[in-house]
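Engineer: I need the structure of the sequence given here:
(chains A, B, C and D)
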Protein chains: 4
Amino acid sequence: MEHVKSIPCAVFGASGYSGVELVSLLHNHPHFSLEYAFSSSAREDAEPIASLYPQLAGQLDVILQPWHSDLLSQLAQQVRVVFLALPHEASAAIAPALINAGLVVFDLSGAFRLRDSSAHFQAYGFARPDDLPTEIPYGLAEWTTLIGTEQLIAVPGCYPTVSSLALKPVMSLIDGVPMVNAVSGVSGAGRKAAGHTSFCEVSLAAYGVATHRHQPEIAQAIGRDVIFVPHLGNFKRGILATIYAPLKSGVSQATVDKAYQQAYAAEPLVRLCQQPPAIKNVVGTAFCDIHAVVHQNHLIICAAIDNLLKGAAAQAVQLANQYFDFAPALGLQQRGGVV
Amino acid sequence: MEHVKSIPCAVFGASGYSGVELVSLLHNHPHFSLEYAFSSSAREDAEPIASLYPQLAGQLDVILQPWHSDLLSQLAQQVRVVFLALPHEASAAIAPALINAGLVVFDLSGAFRLRDSSAHFQAYGFARPDDLPTEIPYGLAEWTTLIGTEQLIAVPGCYPTVSSLALKPVMSLIDGVPMVNAVSGVSGAGRKAAGHTSFCEVSLAAYGVATHRHQPEIAQAIGRDVIFVPHLGNFKRGILATIYAPLKSGVSQATVDKAYQQAYAAEPLVRLCQQPPAIKNVVGTAFCDIHAVVHQNHLIICAAIDNLLKGAAAQAVQLANQYFDFAPALGLQQRGGVV
Amino acid sequence: MEHVKSIPCAVFGASGYSGVELVSLLHNHPHFSLEYAFSSSAREDAEPIASLYPQLAGQLDVILQPWHSDLLSQLAQQVRVVFLALPHEASAAIAPALINAGLVVFDLSGAFRLRDSSAHFQAYGFARPDDLPTEIPYGLAEWTTLIGTEQLIAVPGCYPTVSSLALKPVMSLIDGVPMVNAVSGVSGAGRKAAGHTSFCEVSLAAYGVATHRHQPEIAQAIGRDVIFVPHLGNFKRGILATIYAPLKSGVSQATVDKAYQQAYAAEPLVRLCQQPPAIKNVVGTAFCDIHAVVHQNHLIICAAIDNLLKGAAAQAVQLANQYFDFAPALGLQQRGGVV
Amino acid sequence: MEHVKSIPCAVFGASGYSGVELVSLLHNHPHFSLEYAFSSSAREDAEPIASLYPQLAGQLDVILQPWHSDLLSQLAQQVRVVFLALPHEASAAIAPALINAGLVVFDLSGAFRLRDSSAHFQAYGFARPDDLPTEIPYGLAEWTTLIGTEQLIAVPGCYPTVSSLALKPVMSLIDGVPMVNAVSGVSGAGRKAAGHTSFCEVSLAAYGVATHRHQPEIAQAIGRDVIFVPHLGNFKRGILATIYAPLKSGVSQATVDKAYQQAYAAEPLVRLCQQPPAIKNVVGTAFCDIHAVVHQNHLIICAAIDNLLKGAAAQAVQLANQYFDFAPALGLQQRGGVV
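Structural biologist: All right, here's what the predicted structure looks like:
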């Protein structure tokens, strides 16, 4: 398989929190080679990633460089896959040119996730470009089949990943609207300094109650309305979703357990747990941990992921593994995490 | 009003987290005088509370002493009110004697909260003593009327306090089972060292899913079944409850807002908030902050308290204020908190 | 003493972390009345401080307003004392006018602390105005005597406060250069969002090694060169200084203890401790805790303060108490803290 | 090199914080195979390590088992190397038998570090056994040469590792006693629950001022008296040491830099840094980061390690690599960490 080592790739937005995790995963991956790491934070004359992330000194000798559109033809000749860890609108702006140049694009932003145009516009405040592929798979990895001819894959958001992985196996058992209570670490807000993510300001609280742009994304992924309340928690990484859903009459714990087993027994990156998962169990991993209990004719699901890995970078790599027919967890089994 | 200053009181369990908050509140209260602070941690020959809580040196010169049953008659002569911040079973064991000696007892444990004997036994694993007053008010302060003749008052638990304050004004608008997702700071587990509350082990996770002893207490307080999922969070103090409840058809935001206004507009220790409250907003205070939003025919309520104050010590003092006809927030308006 | 209640005052920079603590202390002070709280964050038409600090709702009903220079004469008529919690250069710019208008100015910035002009310029990058009072006391409260005729008082910085309080009693016993290792909570960097104080970036580390502007200030306060290494710690409030100093030959523990007793036995806001103080012991208080051990002919001092209180707002109020001949700790004995 | 994969080893104390890191490192190491993981926490009938550390489920399928002395001959037949992550006295008790059975022992406790018997007894409160090898190397990895015939290697303590790595290259430049101010994460206190490491009690403070058992160990390692003040910090992993040392007259920054370059330029696990290292830079790594500044004829060194890796498990593996003539950083270059 030494030849597959030669799948060259590039990362855009390499200095953001998801970007640097992508860089780290791809750099250590046995079958991808990272050729370019673009970042608008890079100085013109190339900047070692360790100057922004000193923890990577001596471990990850990657050079950041700024992107210029006149690099496109060179890029298209030298790499096959591009990962975009850019702001939503920046992704929307650059993706068409990359696709047209023949590159396969895994986009980690929200630019291409929502299929409904008006829902997209309402959530993101801009219209998507016209010249896009007809089919843009929504890459919830355990529920997607990539065949290696797709041009653009929308990598799900962090909250939708954990929520949908938790809910999809049991949707046929649920009667009504699931309610998703989710708490995210602060890294979910990105690396840019802001008042509400300042050290002294962070304190567990809900935000965007019933108005968060991930609500329509979850609804699309599970095929049903959902009530979604995100919270900011006082920790760096990880999301814990506690989900409440009314069950159809007579659904037993055994039925629920069987549904999860059928969905995930063969999936290496989903762990079905006997106890409610703690955030620390998944931080630095590509796992999604799920625990579900039937109580008073409701289902209570606790699910946890690392928002920057399974909720972003690791899921993108998992999708790329699938795209190129590698084992799904290839390069994703080490504990770690840069930020 | 100088004469009311003379209401002498005692605290049992004075060195625990709720106990020391009680000691601090009573010591600074204009109309109570703290005469005794009993603690099984105290050495026989009296121990300054600052030797256990050095932050109190020079601020709170209270002496801890061990309790012995032969102190009872002396205690009954010298104080009028006793606050019990003891383990559940210890409270159950000592309360009858204190009541029989003529003392008014505010009990912060769970020993006297559940009216149903079998629910009590299932939750706490011991039967309550027989020789108790016929009426033991459940002291959810904003929803209780004490007239000053009661002998024993059960102070609500921390989770039930925030959950019930959030739900009671709107129960008539709710159609079905409310779901309470609550995250508590680690001080809720008490001062005793334990593996799961060790610094390196704490990480946001649910526990006691649908089996916590506060579930029947909330159900009793709101008069309806409830689904309750407590979580341990990585912070010291405070509880955030995010509550999901299906609404009766057609209930509007205005109706909800009016219900809260009617319940709490005149209450000095409940704040109705325009934004979801953060834990930090209530830590060190006796406030309960509530924010409620109608969405998709559900009510989403975010409510926060300091578990050791409004969820324990401050509510006990608020009840004692009511018992003696003082202003409800007397002695509770300073920001603070010992632990 | 009811007449002294009438000392009216104003705070500039009222929405910053030190500013809001000042507002809280003055609002609750028995002998000062807060007439104005100026803030550049305030909207033109007055803004409740609780809209920036929701924890203060129902507790501190103070209105923030923007400052305009045409308010000066009105201000000068209505208040006697002004507290400046402004950026250094803003303090330097506004103080002369306030003084000329007859106001007493307590300045919490670094604008007026360093007596040596060139040291000042090197530390702060701007020259001080010319039209200043000849004498500007450096207000290390326990070591300053204010007589009530001063026009401008420079309130010490947070690091210099804890370092100087720890060192001044024993300077005559020290032979050589003291080394101050100090760790500050993140609130010391102020409320403005910045990358290095973002939640995900904060991690214990030294900064400004031997170049911090508080080094010359400490040197000035103790009258000797000093080596000072500040660190940013992953907590919100408080400073712990661990100080290493070579002793003159033969200095005993008893001599050291006696020096501290002589300096501070009568001081209500310095606590001499038998154990090394933890940050939590002083957070929310106006205390400075000091513990000193003689070992191998060196003195090892551990000292702790709350950077926003004893290191800023509370020390300013302590100085104002002294200025008006009130008890030094008046209004400073409650536990608390807003941020 | 496939044959070297066959070096079988065992870990004692596998469920402690250092132990589980050892298990993880050895399990993933290319040339060691972990045959036994002994733990007194294990139930008799074997317990998956993931039942104690659920984060390891699906990643580290190691079975814990209790140790019994009648397993000794079997152990001696099946493994070559034993790593002891036991309490000091337990290590002292078991090591002689393991050595006599022909096993190579890397001991992570303090049982065999101090060469001076009376210093050892004073520090640890027990005498070492008599039947020990004459030579027990003190394994500060970058300063030790193992030739593969040693029977027992004392792995340095966490504080001594970072302190000695920082000081040894410059000892000839220092004139007098170095002062080591070190702050450790709470995992340094081990996994056993205790009051001072409870979540609500941890707060930055010095402890064991000038009396910590690592002080004589550092002194032995650097060959000179030292003043050492450890602190407990409010973070899980990592140690930051800030060291102050008077320099011989005229020592320049260039001389210092050259000394560090000579010592460590070829060492893969020491990073010489342009900025003071933050704890987060080393957490989850086997690196020691060092930054040194000359100021006022003193040297100020900031050095950081992960206490459980470079300060314990990773250093032990680094020594074992050296023992078997592998590359020093083999199996130590991934980011990670279990706890």
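
Engineer: would you map the strands across the stretch 101-250 of chain A?
Structural biologist: Per DSSP state E, counting those that start in this stretch, the stretch 101-250 of chain A carries strands over the ranges A:104-107, A:152-154, A:179-184, A:205-206, A:227-232, A:239-246.

Engineer: what helices and strands are in contact with the second one?
Structural biologist: Put plainly, it is strand A:152-154. In this structure, strand A:152-154 packs against strand A:104-107, with contacts taken as 3 or more CB pairs under 8 Å, 6 or more residues apart in numbering or on different chains; DSSP states H and E. To be clear about C-beta, it is placed using only N, CA and C from the backbone, and glycine gets the same treatment.

Engineer: avg pLDDT for the strand it packs on?
Structural biologist: Mean per-residue pLDDT for strand A:104-107: 98.

Engineer: also stretch A:12-19?
Structural biologist: Averaging pLDDT along stretch A:12-19 yields 98.

Engineer: hang on, A:Glu35 in a strand?
Structural biologist: Yes: A:Glu35 sits within a strand when classified using DSSP: H, G, I helix; E, B strand; the rest coil.

Engineer: what's it in contact with, if anything?
Structural biologist: A:Pro8, A:Cys9, A:Ala10, A:Gln78, A:Val79 (CB atoms under 8 Å, 6 or more residues apart in numbering or on different chains).

Engineer: any idea how far it lies from chain D?
Structural biologist: 22 Å (CB to the nearest CB, to the nearest Å).

Engineer: the spatially closest residue to that residue that is not a sequence neighbour: neighbour count?
Structural biologist: Sequence neighbours aside, A:Pro8 is the residue nearest to A:Glu35 in space, at 4.6 Å (criterion: CB to CB, 6 or more residues apart in numbering or on different chains). A:Pro8: 16 surrounding residues under other CB atoms under 10 Å in any protein chain shown.

Engineer: identify the residue spatially nearest to A:Ser33, adjacent ones excluded.
Structural biologist: Here the residue nearest A:Ser33, using CB to CB, 6+ apart, is A:Pro8, at 5.2 Å.

Engineer: interface residues of the stretch 201-339 of chain A facing chain C?
Structural biologist: Taking CB under 8 Å from any CB of the partner chain, the part of the stretch 201-339 of chain A that reaches chain C is made up of A:Val202, A:Asn234, A:Lys236, A:Val339.

Engineer: try the stretch 51-200 of chain A
Structural biologist: Counting by CB under 8 Å from any CB, the residues of the stretch 51-200 of chain A that sit close to chain C are A:Val186, A:Ser187, A:Arg191, A:Ala193, A:Ala194, A:Gly195, A:Thr197, A:Ser198, A:Phe199, A:Cys200.

Engineer: which residue of chain A sits farthest from its center?
Structural biologist: Outermost residue of chain A with respect to the C-alpha centroid, by CA atoms, centre = their mean, is A:Gly250; its distance is 34.7 Å.

Engineer: give me the pLDDT value at that one.
Structural biologist: At A:Gly250, pLDDT is 93.

Engineer: distance-wise, check the closest residue to A:Ile49 other than its chain neighbours relative to A:Lys236.
Structural biologist: Of all residues not flanking A:Ile49 in the chain, A:Val62 sits nearest, at 4.6 Å (CB to CB, 6+ apart). Distance of A:Val62 to A:Lys236, computed by CB to CB, to the nearest Å: 22 Å.

Engineer: just A:Gly195 next, same as before
Structural biologist: 18 Å.

Engineer: and those two? which has more neighbours close in?
Structural biologist: A:Lys236 (23 against 10).

Engineer: my guess is A:Leu240 meets A:Cys302, correct?
Structural biologist: Yes: using CB atoms under 8 Å, A:Leu240 is in contact with A:Cys302, at 6.9 Å.

Engineer: could you tell me which residues touch both of these two?
Structural biologist: A:Pro277, B:Ala205, B:Ala206.

Engineer: just give the nearest non-adjacent residue to the first one, would you?
Structural biologist: If I follow you right, that is A:Pro277. A:Pro277 sits nearest to A:Asp289 (CB to CB, 6+ apart), 3.6 Å away.

Engineer: cool, the second one as well?
Structural biologist: Distances taken as CB to CB, 6+ apart place A:Ala278 nearest to B:Ala205, at 3.5 Å, with adjacent residues excluded.

Engineer: just to check, the one you found is in contact with B:Ser203?
Structural biologist: Yes: with contacts counted by CB under 8 Å, A:Ala278 reaches B:Ser203, the gap being 4.2 Å.

Engineer: these two: who's more crowded?
Structural biologist: Higher neighbour count among A:Ala278 and B:Ser203: A:Ala278, with 27 against 22, using other CB under 10 Å.

Engineer: give me phi/psi at that one?
Structural biologist: phi -90, psi 150 (degrees, to the nearest 10).

Engineer: same question, the one 4 residues further on
Structural biologist: Phi and psi for A:Val282, reported as degrees, to the nearest 10, are phi -110, psi -10.

Engineer: ok, A:Ala57 next?
Structural biologist: phi -60, psi 130.

Engineer: got the contact list for it?
Structural biologist: Contacts of A:Ala57 by CB under 8 Å, 6+ apart are A:Ala50, D:Arg271, D:Cys273, D:Asn281.

Engineer: try 7 Å this time
Structural biologist: A:Ala50, D:Arg271 (CB atoms under 7 Å, 6 or more residues apart in numbering or on different chains).
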